[in-house]
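Participant: Sharing a model prediction with you, sequence too.
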Amino acid sequence: MSADPTTAGIGAKRLVVGAHYGAGGFLMQRLTGVVIGVYALILLALVLFGDGGYEGWARLFVPVWMKVLTLVAFLAVLYHAWIGVRDIWMDYVKPVWVRVTLQTLTVLWLVACAVWSVQILWSV
């Protein structure tokens, strides 16, 4: 047995590796949740006090500020989803190759959703 605490894994100088996303993930979940909530309230107010029907809904997304606000909200949703799903994969999927495969597929899906949302927003 080694006398060096870093190799023994005991003590104040222990080398910490692995999934150390706890506090950052927690804070980002709260921040993205606030962004999503604020956007939902703004959208609700605009829908309640705006024009009804398809024309009013389509006109709502014409201004650039609304497109940018919607894009920020979509990106917050996607990042919020990434943090949650990443934590699920890390907590419950033990074989590394399966976990990395699932994480890769998740990232590809979320990136595709981001590209699609930009395409939809800027086609209005």
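Facilitator: Cool, got the structure.
Participant: use CA for all of it now, contacts and neighbours both
Facilitator: Noted.
Participant: Go through the helix or strand where Gly33 lies and flag the buried ones.
Facilitator: Using DSSP states H and E, Gly33 maps to helix 22-48. By neighbour count with 16 or more other Cα atoms under 10 Å, helix 22-48 contains the buried residues Gly25, Gln29, Thr32, Gly33, Val35, Ile36, Tyr39, Leu43.
Participant: Same question for stretch 52-62.
Facilitator: Leu60, Phe61.
Participant: Stretch 100-120 too?
Facilitator: So stretch 100-120, judged by 16+ other Cα under 10 Å, has buried residues Leu102, Gln103, Thr106, Val107, Leu110, Ala114, Ser117, Val118.
Participant: Out of those, which sit inside helices?
Facilitator: Leu102, Gln103, Thr106, Val107, Leu110, Ala114, Ser117, Val118 (DSSP state H).
Participant: What number of residues are in the vicinity of Leu75?
Facilitator: Per other Cα atoms under 10 Å, the neighbour tally for Leu75 reads 21.
Participant: how far is whatever helix or strand it lives in from where the chain is centred?
Facilitator: Per DSSP H and E: Leu75 is located in helix 64-92. With Cα atoms, centre = their mean, to the nearest Å as the basis, helix 64-92 stands 3 Å off its chain's centre.
Participant: repeat for stretch 86-106
Facilitator: 16 Å.
Participant: Straight-line length of it, end to end?
Facilitator: By Cα to Cα, to the nearest Å, the extent of stretch 86-106 from end to end equals 8 Å.
Participant: Tell me the pLDDT of the residue nearest the centre of the chain.
Facilitator: In the chain, the residue lying closest to the centroid (Cα atoms, centre = their mean) is Tyr79, at 1.2 Å. Note on Tyr79: pLDDT of 96.
Participant: separation between it and Val62?
Facilitator: Distance from Tyr79 to Val62, by Cα to Cα: 25 Å.
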